[in-house]
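S.K.: my questions are about this predicted structure, shown below with the sequence.
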Amino acid sequence: MQEKNDLKTLVRYIKGVGPKKSEYLAKVGLNTIEDILYYLPKRYEDRSSVTAIKDLRSGESRTIQGEIASLSSRTGRSGASIFQAVVSDPTGSIHAVWFNQPYLRDMLKAGDKVVLYGKVERYDRLQMVQPEYELMEGLETDSVNIGRIVPVYSLTAELTQRFLRSIVFKTICEYVKFAAERLPTYIIARQKLVDIKFALRNIHFPTNFEMLEKAYKRIVFEEFFILQLALAVRRKGRGTESFDKSSGFRPELSRGTEEAAFGHSMTAGELSGSFKKALPFELTEGQKKAVAEIERDMSGARPMNRLLEGDVGSGKTVVAAHALVLAAQNGFQSVIMAPTEVLARQHFIYLSELLMPLGINVVLLIGGMDARMRERIYSEIKDEKADIVVGTHAIIEAAVKFKNLGLAVIDEQHKFGVAQRAILRRKGLNPHVLIMTATPIPRTLALTVYGDLDISTIKELPKGRFPIVTYWVEEDKRDQMYGFIKEELEIGRQAYVVCPLIDSTAYSVKHKAQNAVEVYEKLKNEVFTNYEVGLLHGRMSSKEKDKAMRDFKKGKIEVLVSTVVIEVGIDIPNASVMLIENADRFGLSQLHQLRGRIGRGGCKSYCILLADPGTDAAAERLKAIEETLDGFEIAEADMDLRGPGEMFGTKQHGLPEIRFGNLAKDFGIMELARIEAFALIEKDPGLSEEHHQLLKKSLYERFRGRLELIRVG
Ligand code: ADP
Ligand code: MG
């Protein structure tokens, strides 16, 4: 038999919970006393005030108090047993009706004083159907179901609210006094929190709504605080040796950080200087700041872990190039990984042109290479002949071995999974890591899933850009649009035509969705007969894709028909028009990314969304994209539609699920918890002080084996 003061005691030791009931409780995850204490109500009903019977209105849920005037029971037409009571108070009377609860006959007698709670209905008389009831005797202090703010829990069919409430109530009465206070007193005082015993009592059976709010804040704070502690530990672990090894805490909590203690300190020199001079333009303020932040990170003893966010076209690549050069300057290899072959090739061309003249050797590694070529690249990487490796996920294959990888850059990071980023990181010994994205990260996620990253943001676009003009038009304007594209081609510009599908299938026919292969044929043979039309899609061979991109870049192709393979990163400044077929079939962020392919040179650019949307919602979305160029606004709108988890792949981020708090609603609490947690880890990085012992234990319980995954990458 377990000690009574142990919150891990199994539920079946609670009076009134037999083997059957404990099985039912287990189904909702309630195995121990602690589980019950932390099983928060999904909502509350205010049954605290009693309504006079004469004031009852049909349709409202109310509490009444009165005396049982008469009782009757009968069997209904369907065979159900019906038990009725007439309950009166000095102002009137009401019928209470219960179905299939014959045992009520033994519970209630005429003359009993009762409290009822239920929904009021009026047929030919006023009644409450299946009301919750309680005898008044001994009610004043201990009423669980009535006469107070009452908790309502999530349940399965086998459990009733009434039963669970009584179990929770008993558990609180007997065990809450053993709940240990994990938060150090100074934090409780500074944040004006209530203590844990008070919080647990009031989260279930609040004295009033003010107390409920205090209880909720306390419980959510603790949850967020432990999450933020984990993030703080994680961040700290990347950079210092200050963990207390003797406690056995550090190695288990931060598996993999042991070696991460030392980064490679890299400093700028001659090479970086020549690189900066060779750039054809001046950096924007945002770029300069990001470069400075990156240089500061990379010169430090801790490995950099930085996110660079900036809208499409803000010039993230050249910022990354600064970091790549810095690594080369200091004798380290580096890698930049992109989500598509097309983008990897483009980076390769850009970086080779820029860096080869400086004596930096850039190589390309993608999936579609022939075996001999691939082997050669492998050995160049191994022998350190390759300074910078540009590629796709082909880089993370096991066969790729670096001599000394000092920096990993991940472009369009949201296109990669957590695991892929982690593997790349492990290709070196604590490399600096820079991840880049054009999809702004909402602040809730910036403090949690991405919470141990430093963030640089480029807010402005390079000077001399004309904003992209976006038009949404319907099918009847198609020929007019072709005419418009011809005008642009006539003055030497180039155009993209983007289709949702590659080629014709039963699906494309049924849904009237355009496919690249057919559109290409049509444009080439019927529409743009005087111009060069090219085709690009994901099923073409690497060689063909490469040729199409090069020809488009050189201007040999004037109209490029493609699928979303061009969605990310592609940079052809002379392209000034993009026509998107079936635009209503794309997500908002995707449309924004696509349109980011144009407006990159000094010419006015136009994005034409061609769509006959079937629904109002789709039309709304097209209007939204027509009206704003702000990637952040678009990301927020997209998130409203799809939910943040889906959008950022946070379902696999490795964080334990948030049980009590609500990320959006309780953001303020998260911020406070973060400040306290980071300050605490700064002061006591190993959580070795006496008053931090329980925190350490909870942190360990909650994050066992998972801390490695928390960081993005
Ligand atoms: P993204 O942030 O979307 O990855 P890119 O790095 O592809 O953007 O840059 C978009 C274009 O802007 C490229 O043609 C790049 O050469 C150009 N560019 C970047 N920075 C500047 C700048 N400071 N001034 C002028 N053009 C720039
Ligand atoms: Mg880019």
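M.R.: Thanks, I have the structure now. Ligands and ions are numbered 1, 2, ... in the order given.
S.K.: please count neighbours and contacts with C-alpha atoms only from this point.
M.R.: Fine.
S.K.: neighbours of residue 121, how many?
M.R.: Neighbour count of residue 121, defined by other C-alpha atoms under 10 Å: 18.
S.K.: need the pLDDT of the nearest residue to it once chain neighbours are set aside.
M.R.: Of all residues not flanking residue 121 in the chain, residue 58 sits nearest, at 4.6 Å (C-alpha to C-alpha, 6 or more residues apart in numbering). Looking at residue 58, its pLDDT stands at 90.
S.K.: then residue 692?
M.R.: Reading off the model, residue 692 has pLDDT 91.
S.K.: let me see the backbone angles for the residue lying closest to it once chain neighbours are set aside.
M.R.: Once flanking residues are discounted, residue 692 sits nearest to residue 184: 6.7 Å by C-alpha to C-alpha, 6+ apart. Dihedral pair for residue 184: phi -60, psi 150, per degrees, to the nearest 10.
S.K.: who in the protein is up against ligand 1?
M.R.: Residues of the chain lying near ligand 1 by C-alpha under 6 Å from any ligand atom: 281-284, 310, 312-318, 462, 569, 571, 573, 600.
S.K.: switch to 5 Å and redo it
M.R.: Contact residues (C-alpha under 5 Å from any ligand atom) of the chain with ligand 1: 283, 284, 312, 313, 314, 315, 316, 317, 462.
S.K.: put the buried members of the residues you listed into a ChimeraX selection.
M.R.: Of the residues of the chain next to ligand 1, the buried ones go into a single ChimeraX selection, burial set by 16 or more other C-alpha atoms under 10 Å:
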select :283,284,312,313,314,315,316,317,462
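S.K.: I'd like the residues of the chain next to ligand 1 as CSV, with pLDDT and secondary structure appended.
M.R.: Below are those laid out as CSV (pLDDT from 0 to 100; DSSP: H, G, I helix; E, B strand; the rest coil):
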residue, pLDDT, secondary structure
283, 95, coil
284, 95, coil
312, 80, coil
313, 82, coil
314, 89, coil
315, 92, coil
316, 95, helix
317, 95, helix
462, 86, coil
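S.K.: name the residues that touch the lengthiest strand in the chain?
M.R.: Determined from DSSP state E, the single longest strand within the chain is strand 61-75. Contact partners of strand 61-75, identified using C-alpha atoms under 8 Å, 6 or more residues apart in numbering, comprise 47-53, 56, 81-89, 109-120, 146-147.
S.K.: kindly recompute the last result at 6 Å.
M.R.: For strand 61-75, the external contacting residues (C-alpha atoms under 6 Å, 6 or more residues apart in numbering) are 47, 50-51, 81-89, 110-119.
S.K.: same thing with stretch 40-52?
M.R.: Residues external to stretch 40-52 that are found in contact with it (C-alpha under 6 Å, 6+ apart): 63, 64, 146, 147, 148, 149, 150, 151, 152, 153.
S.K.: buried subset of these as a ChimeraX selection?
M.R.: To isolate the buried ones among the contacts of stretch 40-52 in ChimeraX, judged by 16+ other C-alpha under 10 Å, type:
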select :63,64,146,147,148,149,150,151,152,153
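S.K.: kindly reformat the contacts of stretch 40-52 as CSV containing pLDDT.
M.R.: As requested, the contacts of stretch 40-52 are exported to CSV (pLDDT from 0 to 100):
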residue, pLDDT
63, 87
64, 89
146, 70
147, 70
148, 79
149, 87
150, 87
151, 90
152, 88
153, 90
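S.K.: all the helices of the stretch 51-200 of the chain, residue numbers only.
M.R.: Assigned helices in the stretch 51-200 of the chain, in chain order: 104-107, 139-142, 161-175, 185-190, 196-204 (criterion: DSSP state H, counting those that start in this stretch).
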